[in-house]
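Trainee: Here's my sequence, what's the structure:
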Amino acid sequence: MPCRFRSFLGALLLCSTPALAAPAFLPAKALANGQWPDHSDALCDVAAATAHYLAQGAAYDPAAIHGGTTRRLQTPVARIRATLEFVCAVQAEDEQLGRPSRLTDPEFLQSHFELLRWQPDRERAATLASGKPLLQNLPADRLLMTKYHVQIATGSQQQTAATPHALYGLPYDEAQLSLEEADALGTRITRYQFGKQAVVAEEQAPASAGNMAQRAPPLIWLSRTNLEGALLQGTAVVEGAAGQKRYFNVHRNNGIAYDRTRKPQEQERYWYFKEVPGVLGYGKDADYKIPIKPLVTVAGDIFQLGLGRLVLLRTEESGRPTYRLNVMADTGGAFHDNLYQIDWLSGYYRDWAGYHAANRHIGDYAEAWLLLKRE
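Mentor: Numbers count the residues shown, from 1 in each chain. Below is the predicted model:
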């Protein structure tokens, strides 16, 4: 739309507003005071696993292994990987010498890393802000910081009245196919024939030739609440009666995009799962995903920023400024064309009451910096 105005001042104001609202990554000034929780051991674990994934090269996963597809930020992948490797080198040296982690020292970080202040994409956020106060009130200098978690669920090996919904493994018609082979078949395979609402409806119907349990193996049966949590978070941890844990992670989806204008329970996007040895983040297929840990992992728009970004967040926690280093080692359906939000892995919770109790003191917005090891 052309910019129309009645005066020079009007032109300046009206025409400059979109530019000011666009995302930006600007050299940062000194960091203000705050508290710095130390999770450097876990941070190194996630950094090392992500660097190993990046080492597979862009040809392996061009959608994620790159240095940025937006003209506002482009970084050689080698530099992103070197940054992650440096994190582990610092952590190892500090541990060997028995000294406090330098990864919680703002002066060290500013001396050894280039800091780019991330300004949110308020233009994009505004297009999705209807009925969403957090987006309507998005500050000019902070990201929306949501908090995701790992769902701890109670499951059953059989369908029951309390656990009527399954996490399904890959449908039988593609269980022996690679992702590329299966995708080439399109709607001829089960995975692309059903939205979530149809799967859930079939589970309520008497067994028949069309019943999903005859098309795909039920891995575990859950309540509707636990099902929605697993689909939304991408992971479920199911505790047995004796305290043993089983981990389930998303494997392949039905190709329907997540609709940010609809509530989670109303979505049609649906995931098939795989049992795994622990909690996993991003990976183009379930055969190779990045092991992640709470408090040091964020999900974001790796499709525009590139996988493996080292992200410093400054939040308000019980009114106190708090800094946390994280690795962008995860993503989700909500992060396509989304440079206004970050999703922080906050922990493991059995229900929403536990989640809110652990996170209600943390603010909804965060200042954010991307860190790169100085060359």
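Trainee: residue ranges with poor pLDDT in the stretch 101-250 of the chain?
Mentor: Screening the stretch 101-250 of the chain residue by residue with the criterion pLDDT under 70, one finds the ranges 206-210, 241.
Trainee: quick one: the strands in it?
Mentor: Counting by DSSP state E, counting those that start in this stretch, one finds strands in the stretch 101-250 of the chain at the ranges 113-119, 143-153, 165-168, 218-222, 235-239, 245-253.
Trainee: What residues sit buried inside stretch 363-374?
Mentor: For stretch 363-374, the buried set under the neighbour-count rule, 16 or more other C-beta atoms under 10 Å, comprises 364-373. To be clear about C-beta, it is placed using only N, CA and C from the backbone, and glycine gets the same treatment.
Trainee: how far out from the middle of the chain is it?
Mentor: 15 Å (C-alpha atoms, centre = their mean, to the nearest Å).
Trainee: Can you list the neighbours in contact with that stretch?
Mentor: Residues from elsewhere that reach stretch 363-374 (C-beta atoms under 8 Å, 6 or more residues apart in numbering): 25, 28, 73, 75, 79-80, 82-83, 86, 109, 111-118, 134, 138-139, 141-146, 305, 309-317, 325, 342, 344.
Trainee: mind running it again at 7 Å?
Mentor: When contacts are defined by C-beta atoms under 7 Å, 6 or more residues apart in numbering, stretch 363-374 is touched by residues 25, 28, 75, 79, 82-83, 86, 109, 112-118, 134, 139, 141-145, 309-316, 342.
Trainee: so where do the helices sit in the stretch 201-350 of the chain?
Mentor: Using DSSP state H, counting those that start in this stretch, the helices assigned to the stretch 201-350 of the chain run over residues 224-233, 302-305.
Trainee: and the longest one with strand 218-222, angle?
Mentor: In this case it means helix 224-233. Computed by axes from the mean of the first three to the mean of the last three C-alpha atoms, to 10 degrees, the angle separating helix 224-233 from strand 218-222 equals 120 degrees.
Trainee: Could you list the residues in contact with helix 224-233?
Mentor: Applying C-beta under 7 Å, 6+ apart, the contact partners of helix 224-233 are 148-151, 153, 165, 167, 222, 236, 248, 264-265, 271.
Trainee: okay, the nearest residue to residue 128 once chain neighbours are set aside: pLDDT?
Mentor: On the basis of C-beta to C-beta, 6 or more residues apart in numbering, the spatially nearest residue to residue 128 that is not a chain neighbour turns out to be residue 260, at 5.6 Å. With respect to pLDDT, residue 260 has a value of 82.
Trainee: and the gap between residue 260 and residue 329?
Mentor: Computed as C-beta to C-beta, to the nearest Å, the residue 260 to residue 329 distance reads 22 Å.
Trainee: Show me which of these two is the more surrounded one.
Mentor: Each of residue 260 and residue 329 had its neighbours counted (other C-beta atoms under 10 Å), and the higher figure belongs to residue 329 (30 against 14).
Trainee: For beta bridges, what are the partners of residue 239?
Mentor: residue 245 (DSSP bridges).
Trainee: Now for it: which residues touch it?
Mentor: For residue 239, the set of contacting residues under the criterion of C-beta under 7 Å, 6+ apart consists of 152, 154, 245.
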